[in-house]
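>>> sequence? don't have it. structure:
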Ligand code: KIV
């Protein structure tokens, strides 16, 4: 690569590009999107990775967890995003209940996502318990991103969204799981809500990119839920969330002005009618 090379100039972000970014020390920027309009805005910024997260269950559908969203709904969100995107790598969450049963079911679900949405890769939560599914999905040529630490699909097992892997035993298990996922061929791993020191340790120990959400700064990239970082959602305020905007307030202001204009006969005016 020449000295003027910039990853921002690559025509298509692939899993190989992400690996190169890790090797060169360029941080990976990833955000969620669930619809065409926001995906188009993200694509135009040159973001590296767009995650069609099952957080759509919370922020788009209003459920209190990620469990209810279905495979068909994820495919609907993913295909809307894919229609807006050429350059960014589009990764889609396998929703709860579509891969935990057995690896054949996991493969069928992953194939449906790839075939029906046109996405580039799938993501699944878990370590050793999903390695067989990761292996099988990879044999079909589908890239897989792992997800360790706080895994929201297991909320009923843990009962709380507190920081994960705070004991030596849990930290050791997480590190082992990261090695297992990397060895089985995952192209990257999301680490959610774990101590920053452990995030750094995992990023140093495994060769694939580690993308953090509440895993500190010494990992290979960061991901946030778009609606949280834009301030569309208001009620969710974990320490790791930096709000870059207060869109909820701005939209409320615009809508209140519209209501006022309609009721006061200010809208539409002469120039806004035929
Ligand atoms: O569903 C999602 O948005 C995610 C991110 C929080 C990583 O999995």
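Received it, and whenever you're ready, just let me know what you need. Small disclaimer: the values here were computed from a predicted structure and weren't measured.

>>> what's the neighbour count on residue 205?
12 (other Cβ atoms under 10 Å). To be clear about C-beta, it is placed using only N, CA and C from the backbone, and glycine gets the same treatment.

>>> wait, it sits on residue 175?
Yes - Residue 205 lies in contact with residue 175 (Cβ atoms under 8 Å); the separation is 6.4 Å.

>>> Sort out which residues of whichever helix or strand residue 254 is part of are buried, please.
Using DSSP states H and E, residue 254 sits in helix 247-263. Buried residues in helix 247-263, defined by neighbour count with 16 or more other Cβ atoms under 10 Å: residue 247.

>>> mean confidence score for that helix?
Confidence over helix 247-263 (mean pLDDT, whole number) is 98.

>>> Likewise for stretch 170-190?
Stretch 170-190 carries an average pLDDT of 98.

>>> go on, stretch 80-92?
pLDDT averaged over stretch 80-92 gives 98.

>>> Any idea how far apart the tips of it sit?
12 Å (Cα to Cα, to the nearest Å).

>>> Next: stretch 89-104.
End residues of stretch 89-104 are separated by 25 Å (Cα to Cα).

>>> buried ones in that stretch?
Neighbour-count burial for stretch 89-104 [16+ other Cβ under 10 Å]: 89, 90, 91, 92, 93, 94, 95, 96, 98, 99, 100, 103.

>>> could you redo those residues as a markdown table and give each row distance to the ligand and secondary structure?
Output for the buried residues of stretch 89-104, formatted as a markdown table (distance: Cβ to the nearest ligand atom, whole Å; DSSP: H, G, I helix; E, B strand; the rest coil):
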| residue | distance to the ligand | secondary structure |
| --- | --- | --- |
| 89 | 14 | strand |
| 90 | 13 | strand |
| 91 | 9 | strand |
| 92 | 10 | strand |
| 93 | 5 | strand |
| 94 | 11 | coil |
| 95 | 10 | coil |
| 96 | 11 | coil |
| 98 | 14 | coil |
| 99 | 14 | coil |
| 100 | 16 | coil |
| 103 | 21 | helix |
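
>>> possible to save those as a markdown table with distance to residue 138?
Shown next, in a markdown table, are the buried residues of stretch 89-104 (distance: Cβ to Cβ, whole Å):
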| residue | distance to residue 138 |
| --- | --- |
| 89 | 16 |
| 90 | 18 |
| 91 | 15 |
| 92 | 16 |
| 93 | 17 |
| 94 | 14 |
| 95 | 19 |
| 96 | 21 |
| 98 | 17 |
| 99 | 13 |
| 100 | 18 |
| 103 | 11 |
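
>>> Which two of these have the greatest separation?
89 and 100 (24.8 Å; Cβ to Cβ).

>>> give me phi/psi at the closest residue to the ligand within the stretch 51-200 of the chain?
Residue nearest to the ligand within the stretch 51-200 of the chain: residue 53 (2.3 Å; Cβ to the nearest ligand atom). Dihedral angles of residue 53 (phi, psi; degrees, to the nearest 10) stand at phi -80, psi 160.

>>> neighbours around it, how many?
30.

>>> Give me the nearest residue to it, chain neighbours excluded.
Nearest non-adjacent residue to residue 53, counting by Cβ to Cβ, 6 or more residues apart in numbering: residue 32, 4.4 Å away.

>>> and the one you found, what does it touch?
50, 51, 52, 53, 55, 56, 223, 224, 225, 226, 227 (Cβ atoms under 8 Å, 6 or more residues apart in numbering).

>>> List just the nearest of the residues you listed to residue 28.
residue 223 (8.5 Å).

>>> now the residue nearest to residue 53, which residues is it bridged with?
Under the criterion DSSP bridges, residue 32 forms beta bridges with residue 51.

>>> Roughly how far does it sit from residue 47?
11 Å (Cβ to Cβ, to the nearest Å).

>>> before we move on, what about residue 122?
According to Cβ to Cβ, residue 122 and residue 47 sit 19 Å apart.

>>> what does residue 182 give?
24 Å.

>>> And for residue 111?
Separation of residue 111 from residue 47 (Cβ to Cβ): 26 Å.

>>> So those two - more neighbours on which side?
Taking residue 111 and residue 47 together and counting by other Cβ under 10 Å, residue 47 has the greater number of neighbours (21 against 14).
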